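Peer 1: this is a predicted model, with the sequence first.
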Protein chains: 2
Amino acid sequence: MEENNKNIQFKISDELIDNVEQLVDSRSDTKILELLNDLHHADTAEILEELKIEQATYIIKLLDSEKTSEILMELDDDDREKILSTLSAKEIAEEIEELDTDDAADIIAELPEERQEEVISKIEDEEHKAEIQELLTYDEDTAGALMAKELVSVNENWTVTQCVKEMRAQAEEVTRVHSIYVVDDADRLIGRLSLKDLLMASPRAHISTVYIPKVDYVKVDEAPDEVARVMQKYDLEAIPVVDENKTLLGRITIDDIVDVIKEEAEKDYQLAAGITQDVEADDSIIELTRARLPWLFLGLLGGIGAFLIMEGFHGAFQKYAVLFFFTPLIAAMAGNVGVQSSAIIVQGLANDDVKGSINNRLIKEMLLAALNGLILALFLFLFVWGYTKEIPKALAISVSLIVVIIVAGLIGTFVPLFLDKKGIDPAIATGPFITTSNDIFGILIYFWIAKLILNI
Amino acid sequence: MEENNKNIQFKISDELIDNVEQLVDSRSDTKILELLNDLHHADTAEILEELKIEQATYIIKLLDSEKTSEILMELDDDDREKILSTLSAKEIAEEIEELDTDDAADIIAELPEERQEEVISKIEDEEHKAEIQELLTYDEDTAGALMAKELVSVNENWTVTQCVKEMRAQAEEVTRVHSIYVVDDADRLIGRLSLKDLLMASPRAHISTVYIPKVDYVKVDEAPDEVARVMQKYDLEAIPVVDENKTLLGRITIDDIVDVIKEEAEKDYQLAAGITQDVEADDSIIELTRARLPWLFLGLLGGIGAFLIMEGFHGAFQKYAVLFFFTPLIAAMAGNVGVQSSAIIVQGLANDDVKGSINNRLIKEMLLAALNGLILALFLFLFVWGYTKEIPKALAISVSLIVVIIVAGLIGTFVPLFLDKKGIDPAIATGPFITTSNDIFGILIYFWIAKLILNI
């Protein structure tokens, strides 16, 4: 039996890729089929991503659509787009026939608009076609766009035996049965039933006597991150989707929600690093520039702002050149503190565990920043004193540092809370936005306080 | 029926909290039970988190352990710890009897060491106790620590009817049946069976004729993020865990993996923002300081480094003060570019899609940085020229900027790749570590190139 068990530690070796390339180039169809036959579609997709597009397309056309449809779903968006562009509308429609409605709709939505209609018209299964067309009508950022039409539903008036019989038919089309949804005669969701419950119920019982009337559901226009929050909170593996009248429309499964959670986290991470738009290391230089340059430009403007401030204090500080040498330190500390405090707030908001008023947050951050600032300023004071032997300068620089850190912490705490209140994604506040504004405020405060202390 | 359906849009209102507090303070037990009876344990946990610890403890002691065990699992670690510290070993053991083995082991592992033994000794169900003790032996960072002992397994020699009968007994204890695992006489995992397959098979058939011999599994000492990768890649909702001999030990479900994915993403996000240790907005000032101060200290040292470099170029300050006024700009750009490029690499490494050699990466980043640098430098040139009317200065500053950006991009690309090769988590490379080193390198390169161009 050992040989039959799939080795999940599948790793692509360079030899395997070379081997596949040679087989494709020499058109050794039987050997390709033999080699790929035992592989999981996710593994085959990994191999195709290492090949040239023509080679990958050759393999896609060679395998049958039951397999290739799943492989296509696992590919990177870019690779899939390229391969699909070489297939005819008929060929794409054949792939789509094999997919669940949610995946099918996703693939069609990715096609250039002029091809979408053509591909849809070639889908032979009329029910599948209608369901896909329905899914395409939902807005991208809603539960409707995440759901699949495949589900098992039973009428409350059926008996367990009838139900099992009906289910055998329905279940053929549903890859995984999580819950059986119970509906009334008007197709409204009224409860659920687990396979386990069904297995343990008496065959003659009516569904209405055995189903569980408590059922979680989401509305079709709910936002994906709200669906994710609900499914995580209640540990659900699937959730039914209903319309305004509670008519059962579809279901969302946890694997799609895992993707939503990952995308959310990656977007926040990229925003914190100053990268807008969803890019990957393998994207083109133009795409990467488009995602990165705007934030760099913001940083440049911030730097010019800092320059203008320093220029403004130039006259006053002829005697105090040393003050200017600490501006990178001040800017760095203001930026770091701002990013830290905003990151904690952004993460707290995402996890829905920022409690209490904005004022309490600000007071706490002020105390925290004051404590950290005091420790850091003490260290800086000792360094500047030791280096310059001048207490007033050392005092001016280190007292400024404390104030700069407190203000930076307050800005870092306030801005994401403010954005969130205004309905703007607070994640844009961690990263270049906060760093840049804190650079400017930091340097301004620094010179202003130094001026006060040194009595210039 | 409408009233019976749980409203998933459950939101805690201030009135609800006030109401619960008053009921607790007036010891209105019946009313508390009435109010909380219909709530999901996750919702009840949310309410308890808003109460004082004594109030929350009062409610925990009032409800029965079937409910409270689940509520305890949903609480924040800190709140749970506080509540458990007020319970006797016997009371904790009662909660634990109600929990699945994985949750039970997690709770015991959180207790102070001296209480662990005591609580375990009070668990009455000997099988449950032995299973929990087994789980406690696995290292925290392994599949073993994530798995639960609850699963449904059947012997290959059973018939479908025998199997259904056995399963009714086993399934009582298993909240969700994902797959039925098929084992041989030596308890070695040899395949799987879905409930759907079982439902559709002839009752007289032998399991050996209907089971699927392809089954994904992980070894008990596998790392959690590898388990997460496998489950995501193959879209699994549960995966069996085996030992060296393929003996079936337990299973891991997707909800635990969702937590692993979220924790991984949050850790990376916090590292990028310069926060070590897992902290939340509601943690104490001391805990937050411990997580934030080390990185701020690193920034301070970087700032002192920048100061020393500028001091070294002090002589040039009289004639070229303007150069010094651009140091925050240079430092900010070096930091931003470094964070951007490292973030893309870190994310690519996490998603396992950084392909090709380090050299190719570096060449690509160099081209990208050169392109971005050129555009930004052109803008800066025009500004400095317009402001100072001196072409050499404008040229010196903007040419330096290009070089600084290229070097910053290369450092940002190389460091995470290097750390990854050395087996160190590359996520520490995004954030203060890169910003600080890029600040110093940036300013050094800047003055060095400016000096060359201006012939100082």
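Peer 2: Received it, and whenever you're ready, just let me know what you need. Numbering: from 1, shown residues only, chains lettered A, B, ... in the order given.
Peer 1: residues near A:G302, how many?
Peer 2: Using other C-beta atoms under 10 Å in any protein chain shown, A:G302 is surrounded by 26 other residues. Glycine gets a C-beta too; all of them are placed from N, C-alpha and C.
Peer 1: and the closest residue to it other than its chain neighbours, what element?
Peer 2: Leaving aside its chain neighbours, A:G302 sits nearest to A:T436 (3.4 Å; criterion: C-beta to C-beta, 6 or more residues apart in numbering or on different chains). Assigned by DSSP states H and E, A:T436 belongs to helix A:432-454.
Peer 1: also A:V20?
Peer 2: helix A:14-25.
Peer 1: now do A:L249
Peer 2: A:L249 is part of strand A:248-253 when elements are defined by DSSP H and E.
Peer 1: helices or strands next to that strand in the packing?
Peer 2: In terms of contacts (3 or more C-beta pairs under 8 Å, 6 or more residues apart in numbering or on different chains; DSSP states H and E), strand A:248-253 is packed against helix A:143-146, strand A:180-183, strand A:238-242.
Peer 1: can you list contacts of that strand?
Peer 2: Residues from elsewhere that reach strand A:248-253, judged by C-beta atoms under 8 Å, 6 or more residues apart in numbering or on different chains: A:101-102, A:135, A:143-144, A:146-151, A:153, A:176, A:178, A:181, A:183, A:187-189, A:218, A:220, A:227, A:231, A:237-243.
Peer 1: recalculate using a threshold of 7 Å.
Peer 2: A:143, A:146-149, A:151, A:153, A:178, A:181, A:183, A:187, A:189, A:220, A:227, A:237-243 (C-beta atoms under 7 Å, 6 or more residues apart in numbering or on different chains).
Peer 1: which one is the most centrally placed residue in chain A nearest to, not counting chain neighbours?
Peer 2: Central residue check for chain A by C-alpha atoms, centre = their mean: the C-alpha nearest the mean position is that of A:E263, 1.2 Å away. Sequence neighbours aside, A:D278 is the residue nearest to A:E263 in space, at 7.7 Å (criterion: C-beta to C-beta, 6+ apart).
Peer 1: what's the neighbour count on the one you found?
Peer 2: The burial count for A:D278: 13, using other C-beta under 10 Å.
Peer 1: buried sites along stretch A:190-200?
Peer 2: By neighbour count on 16 or more other C-beta atoms under 10 Å in any protein chain shown, the buried set for stretch A:190-200 is A:190-199.
Peer 1: those in helices, which ones?
Peer 2: Of the buried residues of stretch A:190-200, the ones assigned to helices by DSSP state H are A:195-199.
Peer 1: and these near chain B, which?
Peer 2: Residues of these in contact with chain B (C-beta under 7 Å from any C-beta of the partner chain): A:195-196, A:199.
Peer 1: of the contacts of strand A:248-253, just the buried ones, ChimeraX syntax please.
Peer 2: Here is the ChimeraX selection string for the buried members of these, based on 16+ other C-beta under 10 Å:
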select /A:143,146,147,148,149,151,153,178,181,183,189,220,227,237,238,239,240,241,242
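Peer 1: just give the nearest non-adjacent residue to A:L99, would you?
Peer 2: A:L99 sits nearest to A:S69 (C-beta to C-beta, 6+ apart), 4.9 Å away.
Peer 1: over to A:I32?
Peer 2: In space, A:I32 is closest to A:L23, 4.9 Å off (C-beta to C-beta, 6+ apart).
Peer 1: mind listing what's buried along stretch A:298-308?
Peer 2: Buried residues in stretch A:298-308, counted by 16+ other C-beta under 10 Å: A:298-300, A:302-307.
Peer 1: take those and keep only those in strands.
Peer 2: Among these, no member falls in strands (DSSP state E).
Peer 1: any idea which of the residues you listed is closest to chain B?
Peer 2: Nearest to chain B, judged by C-beta to the nearest C-beta, of these is A:G303 at 2.4 Å.
Peer 1: pick out the residue in the stretch 351-456 of chain A sitting closest to chain B.
Peer 2: A:L368 (4.9 Å).
Peer 1: using PDB, write out every CA atom in the worst-scoring helix or strand of chain A on mean pLDDT.
Peer 2: In chain A, no helix or strand scores lower on mean pLDDT, DSSP states H and E than helix A:195-200, which sits at a mean of 74. Only the C-alpha atoms of helix A:195-200 are listed here, as PDB (Å, rounded to 0.1, in the frame of the first residue of the first chain):
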ATOM      1  CA  LEU A 195     -24.400  14.300   7.700                       C
ATOM      2  CA  LYS A 196     -23.700  12.900  11.100                       C
ATOM      3  CA  ASP A 197     -27.200  13.800  12.200                       C
ATOM      4  CA  LEU A 198     -28.700  12.200   9.100                       C
ATOM      5  CA  LEU A 199     -26.600   9.100   9.600                       C
ATOM      6  CA  MET A 200     -27.900   8.800  13.100                       C
END
